[in-house]
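Enquirer: Return atomic coordinates for the entry below.
(2 chains)
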Protein chains: 2
Amino acid sequence: MEAKLKELKCCLIEVDDLQSAAALLYWDQSTYMPSGGAAARARQTATLSRLAHEKFTTPALGKLLDELQPYEEQLPCDSDDASLIRVTRREYERAIKVPPAFMQKFYSHCSESYQVWTEARPANDFNMVRPCLEETLAMSRQMAEFFPGYEHIADPLIDFSDYGMKASDVRRIFSNLRERLVPIVDAITAQTPADDSCLHQTFPEERQLRFGIETIKRLGYDFERGRQDKTHHPFMTKFSLGDVRITTRSKEDDLSDALFSTIHEAGHGMYEQGIRMELDGTPLANGTSSGVHESQSRLWENVVGRSRRFWNCFYPRLQAEFSDQLGTVSLETFYRAINKVQKSLIRTDADEVTYNLHVMLRFELELDLLDGVLKVADLPDAWRERFQADFGIVPPDDRDGVLQDVHWYAGTIGGAFQGYTLGNILGAQFFASALDNHPEVFSEIEAGEFGTLHRWLKENIYQHGCKFTASELVQRVTGGSLQVEPYIAYLRQKYGELYELPCEESPVSNLD
Amino acid sequence: MEAKLKELKCCLIEVDDLQSAAALLYWDQSTYMPSGGAAARARQTATLSRLAHEKFTTPALGKLLDELQPYEEQLPCDSDDASLIRVTRREYERAIKVPPAFMQKFYSHCSESYQVWTEARPANDFNMVRPCLEETLAMSRQMAEFFPGYEHIADPLIDFSDYGMKASDVRRIFSNLRERLVPIVDAITAQTPADDSCLHQTFPEERQLRFGIETIKRLGYDFERGRQDKTHHPFMTKFSLGDVRITTRSKEDDLSDALFSTIHEAGHGMYEQGIRMELDGTPLANGTSSGVHESQSRLWENVVGRSRRFWNCFYPRLQAEFSDQLGTVSLETFYRAINKVQKSLIRTDADEVTYNLHVMLRFELELDLLDGVLKVADLPDAWRERFQADFGIVPPDDRDGVLQDVHWYAGTIGGAFQGYTLGNILGAQFFASALDNHPEVFSEIEAGEFGTLHRWLKENIYQHGCKFTASELVQRVTGGSLQVEPYIAYLRQKYGELYELPCEESPVSNLD
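Expert: Numbering: from 1, shown residues only, chains lettered A, B, ... in the order given. Coordinates of the predicted model:
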């Protein structure tokens, strides 16, 4: 059996090598590739992804998994080997359900649709990309149909990124969150908005990037096993557990853009850098779900990186770096500026409170599109109506409305957005657990030390990769299931100090 | 038949995609990869190379080539399609002769040997790497044995990089060159050496790189289809004909290092950027031999880049960039400095005259090792003796002697060095042909214009990729075979102006 297991690992590492090379092709395309390389690069990435898929779905691998089943059953469920066989089987069974010809057609369509979107968005022309989006919706439905037996047609698509979740689960969580979030949003936005003009001076890029790099080094992002480069859209990517890279961008007139996107991506990066090296090259060496992944980026970006304690320590450094711009700006002013809450148009620019409303809007429109109750042609109107209802404002155009996010224009409709809000919820829940176990985390943050928090996250979350599903992990870490209470408590605690908030009917316990 | 040809191209482009991805893995490793990525990267590169080899040597491809033979015979020999079938068959037949298991063992050995060498060289410890080198010699012989029927055991290894050449051909050319070169070297080195102290001041890296980039843009290196990054050893690499990259390095205390390595690699790069786009993704989209490739790097680096005419135009720019260092240095002093001829220890630092003696020394030691008349254990002594005989100096240690070049420690013994001197010879021969056809090339160089020369090289050499063998190409371009006369004439013309040279018995015609 050991020989069979070794054979399985050999197959998997070949797949991983192809996937890692494909990831490098993409990273290079986003960072350094000259424009002349574009045409061949698209083909090269497609070839490597296809070969990886072919190698992963070979019947020989299915046979190996069958043969290993008795062995798996003898092993403790949470052992590396049992987990490897179990997770590989799950992914194998998912992968073989989608015909390769469909995948190829789908990737090719996504790539074309993405190209059209890159022109349609600046031109504010939804109709230009509408036929693509109609085809995307049809293909998203087809994709779901390869997984019959679902309760809602979005379920298989949600399951791809947040394994084990269904539309009904997400709806229940979102509805619970919404009920308790909206009064907070309404109360804050009815009050005088924070003045964030201190963030909108001129901040030279080089110094912004230097400060960001020093900051994430302190948080624990390891530059011996990673690096940061500039891209149009920030992302994290991994070529092996020893090489987990992040990217960032900067705006000279917005200090918060590079800073918080750097911390955000470093959060993703620290998750994958923290996976146990023994899992490298296997399907276990990944984050376990999009929600858990996002919990780590949001925990570091918001719960830590936008906290008062953090800036008690880091603001003097920031002032020293930008003495001309911030020399006379008080910590309180700066702290309020980076935590300004407002109903705004763009999801990626939204504060941590209203962010979830953006996600919920998209999630519900996705379900309506997949259900067939909403036609693609009617999507811009639906967006405007829904936006008006949730935010009290109507987007002036589609560019900053329905066209703003790449997701629907370069992937499936369904499954792309829920992870962001699940991440906000889980980030607060995990942080509360860390604090329960290590109350000294707060004072360490205030001293610019993150070792205890980082070690706790590594020990309890990062190291396991995807050995455990998101819900198993939440159970192990918090002793229960996903709960919105810690997130609401976190928001009420933090923003209650800045704004008058109405009492909740059932007050939640204080985090601090 | 068109369908079969299309099928062939499909197979080949898949191989090319894998090879290009492997090349990117290597480029990234040399430029930006964090140290933590090293272990996985070696494996990833090996996997992709192996998969490319597997795909290229599949019997289905051999069958396709057989089926396409009648079609090929109908087509003009120099058509793209006939050339594609012919060159692919040649490479296929070569590739299937070497068992994949041997290749894997060999690559793995090279990688290990390279690692040992990176420690042995700074430690000046030949014995540390000797066992590896003995294994390399054994494997080089084995490699040659897969191609029985050779005249000399080095022939198959030479054929890999300089197709169609045998050891006896190279020996004849080298002997002919040597006879005419040694009197020049002896005459120059008996005279007062040039003063190159002006090159050894402090030159900030950033400005060195900027000047290099502006220079190669003028020569015609296309940054829309390439880029330059820094590496320990400069090289050129290609991911598609739209993405041909070069690398460079710099020394703050040696102005010539970055400058001429930049022009050298740009010469390689312009060759591959100049290949007709129709050949992209096929085995035709490569330089035709190591000698012809090197002819282009040496032509641009030396024949153009170290010429008086070139610096008549570019020296004022260089002085403007480095006014503190060169403001009071005359053009004549600078010109003599960059063309200083001396018997020195290191091949890669050698001037264009003595360079060939370094190559010949290595070439003959390779043949002796392969012949078995020289044992690896005796190689350091043989190096010293030979060096004493050729250069009149004995290397003080093995670090700057037998351990200086990576080639034997990371590849075969045999076939690695002859291309450098063939390149010197061919570069001068091609340049003489360009001048015959376009005498205005000289005045254009003096005006900082390179369009006529670049276009002529592209038209006559670059665009064809490897449709023609080196000897076919030389025949097409010069109307004859490889000749050392133009190279000797070039050297005598250039250095005769700087030094007293003895007359040749049969004087050659003047180039200018």
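Enquirer: wait, what's in contact with A:Ser35?
Expert: Residues near A:Ser35 by CB atoms under 8 Å, 6 or more residues apart in numbering or on different chains: B:Glu224. For glycine as for every other residue, the C-beta is placed from the backbone atoms N, C-alpha and C.
Enquirer: just the residues of chain A that are near chain B, which are they?
Expert: By the rule CB under 8 Å from any CB of the partner chain, the part of chain A lying against chain B is A:13-14, A:17-18, A:20-22, A:24-25, A:28, A:32-41, A:43-44, A:47-48, A:51, A:222-227, A:229, A:239-243, A:245, A:280-281.
Enquirer: Give me the buried subset of those residues.
Expert: Buried subset of the residues of chain A next to chain B (neighbour count, 16 or more other CB atoms under 10 Å in any protein chain shown): A:13-14, A:17-18, A:20-22, A:24-25, A:28, A:32-34, A:36-37, A:40-41, A:43-44, A:47-48, A:51, A:222, A:225-227, A:239-243, A:245, A:280-281.
Enquirer: Distance from the chain centre to stretch A:304-314, please.
Expert: 22 Å (CA atoms, centre = their mean, to the nearest Å).
Enquirer: Outside of it itself, which residues are in contact with it?
Expert: By CB under 8 Å, 6+ apart, stretch A:304-314 touches A:215, A:219, A:259-260, A:263, A:318, A:331, A:334-335, A:338-339, A:352, A:431, A:442, A:445-448, A:450, A:453, A:494.
Enquirer: if we go to 6 Å?
Expert: Residues outside stretch A:304-314 that contact it (CB atoms under 6 Å, 6 or more residues apart in numbering or on different chains): A:Ile263, A:Tyr335, A:Ile338, A:Asn339, A:Ile445, A:Glu446, A:Gly448.
Enquirer: residues near A:Arg384, how many?
Expert: Using other CB atoms under 10 Å in any protein chain shown, A:Arg384 is surrounded by 17 other residues.
Enquirer: remind me which residues of the stretch 401-512 of chain A are low pLDDT?
Expert: In the predicted model of the stretch 401-512 of chain A, residues A:505-512 satisfy pLDDT under 70.
Enquirer: hey, where'd the helices end up in it?
Expert: In the stretch 401-512 of chain A, the helices defined using DSSP state H, counting those that start in this stretch lie at A:407-410, A:418-437, A:441-446, A:451-460, A:470-478, A:485-496.
Enquirer: Can you add mean neighbour count and distance to B:Ala377 and give those back as a markdown table?
Expert: Formatted as a markdown table, these follow (neighbours: other CB atoms under 10 Å in any protein chain shown; distance: least, CB to CB, whole Å):
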| stretch | mean neighbour count | distance to B:Ala377 |
| --- | --- | --- |
| helix A:407-410 | 20 | 61 |
| helix A:418-437 | 24 | 62 |
| helix A:441-446 | 17 | 60 |
| helix A:451-460 | 18 | 51 |
| helix A:470-478 | 19 | 59 |
| helix A:485-496 | 20 | 71 |
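Enquirer: Identify whichever of those helices lies nearest to A:His358.
Expert: Nearest of the helices of the stretch 401-512 of chain A to A:His358, taken as CB to CB: helix A:418-437 at 8.3 Å.
Enquirer: Would you point out which residue is most central in chain A?
Expert: What sits nearest the mean C-alpha location of chain A, by CA atoms, centre = their mean, is A:Glu294, with 3.8 Å.
Enquirer: surely that one meets A:Gly419?
Expert: Yes. Assessed by CB atoms under 6 Å, A:Glu294 is found in contact with A:Gly419 at 5.1 Å.
Enquirer: From chain B, how far out is A:Asp351?
Expert: Per CB to the nearest CB, to the nearest Å, A:Asp351 is found 33 Å from chain B.
Enquirer: do A:Cys198 as well
Expert: On the measure of CB to the nearest CB, A:Cys198 and chain B end up 33 Å apart.
Enquirer: Look up how far chain B lies from the nearest residue to that residue once chain neighbours are set aside.
Expert: Leaving aside its chain neighbours, A:Cys198 sits nearest to A:Val329 (4.5 Å; criterion: CB to CB, 6 or more residues apart in numbering or on different chains). Look at A:Val329 and chain B: by CB to the nearest CB, they are 33 Å apart.
Enquirer: coming back round to it: and the helices of the stretch 401-512 of chain A as a markdown table, adding distance to A:Phe322?
Expert: What follows is those, written out as a markdown table (distance: least, CB to CB, whole Å):
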| stretch | distance to A:Phe322 |
| --- | --- |
| helix A:407-410 | 34 |
| helix A:418-437 | 28 |
| helix A:441-446 | 22 |
| helix A:451-460 | 27 |
| helix A:470-478 | 38 |
| helix A:485-496 | 25 |
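Enquirer: what's the closest of the ones you listed to A:Val170?
Expert: Across those, A:Val170 has its closest neighbour in helix A:418-437 (4.8 Å, CB to CB).
Enquirer: can you list contacts of the helix or strand where A:Leu157 lies?
Expert: Counting by DSSP states H and E, the element that carries A:Leu157 is helix A:155-161. With contact meaning CB under 6 Å, 6+ apart, helix A:155-161 is reached by A:Ala144, A:Phe147, A:Tyr150, A:Met165, A:Lys166, A:Ala167, A:Ser290, A:Thr412, A:Gly414, A:Gly415, A:Gly419.
Enquirer: before we move on, what SS does the third one have?
Expert: Think A:Tyr150. Under DSSP: H, G, I helix; E, B strand; the rest coil, the three-state class of A:Tyr150 is coil.
Enquirer: Would you mind listing the buried residues in stretch A:285-302?
Expert: If you call a residue buried by 16+ other CB under 10 Å, then stretch A:285-302 has these buried ones: A:285-302.
Enquirer: cool, and stretch A:115-128?
Expert: Neighbour-count burial for stretch A:115-128 [16+ other CB under 10 Å]: A:Val116, A:Trp117, A:Ala120, A:Arg121, A:Asp125, A:Phe126.
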